[in-house]
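Enquirer: Coordinates for the following, if possible.
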Amino acid sequence: MKKGIARLIATFFYVGYFPYAPGTLGTLAAVPLYYIVSFLPYYLYIPFAVLFIILSVWASSIAEGIFGEKDPGYIVADEVSGFLVTMTLVPLTLTNVVIGFFLFRFFDIVKPPPSRQSERLKGGLGVVMDDVVAGVYANILLQIISRVLL
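Expert: I've put the predicted structure just below:
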């Protein structure tokens, strides 16, 4: 039962099993979740995002054991966590969601410091924290873009 729940969360309702670009699809799958929680006041959105990150670390630790490898592509809860971080305190608009999506994917792929270094953390922390760091980078840039340029 515990492994089934961990697999469900780590693959974000089995989205991670998609054979092509599961990270990108995992980020795309995070958009509806973000849309739903974006209506929460920030004093509830931020604890929700933190709780989701903690849950993702737990599920990813167990899922690595299930899949028998470090940070397998099936795990996409880290992308969902990173996208929630990207959109934190950002006004909900279609433009912000699209820009946030591409900024997060860019920083998730490029992995600027300390994102790449955080992959060396053990277990689920190593799976999730690089995406959280990428989300922080994307959030900072998105805040600037949405408040200054748009």
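
Enquirer: what distance separates the helix or strand bottoming out on mean pLDDT in the chain from the centre of its chain?
Expert: One helix or strand of the chain scores below all others by mean pLDDT, DSSP states H and E: helix 115-118, with a mean of 89. On the basis of Cα atoms, centre = their mean, to the nearest Å, helix 115-118 is displaced by 15 Å from the centre of the chain it belongs to.

Enquirer: And for stretch 137-150?
Expert: In terms of Cα atoms, centre = their mean, the centre of stretch 137-150 is set 18 Å apart from its chain centre.

Enquirer: same question, stretch 66-80
Expert: The chain centroid and the centroid of stretch 66-80 are separated by 12 Å under Cα atoms, centre = their mean.

Enquirer: cool, stretch 125-142 as well?
Expert: With Cα atoms, centre = their mean, you get 8 Å for stretch 125-142.

Enquirer: what does stretch 102-119 give?
Expert: On Cα atoms, centre = their mean, the centre of stretch 102-119 falls 11 Å from that of its chain.

Enquirer: buried sites along the helix or strand following the least confident helix or strand of the chain?
Expert: Per DSSP states H and E, the first helix or strand lying C-terminal to helix 115-118 is helix 123-144. The neighbour-count check on helix 123-144 (16 or more other Cβ atoms under 10 Å) flags 124-139, 141-142 as buried. Where you see a C-beta, it was placed from the backbone N, CA and C, and this is true even at glycine.

Enquirer: elements contacting helix 123-144?
Expert: Applying 3 or more Cβ pairs under 8 Å, 6 or more residues apart in numbering; DSSP states H and E, one finds that helix 123-144 contacts helix 42-67, helix 77-86, helix 94-110, helix 115-118.

Enquirer: which of the ones you listed is buried the deepest?
Expert: helix 77-86 (a mean of 29; mean count of other Cβ atoms under 10 Å).
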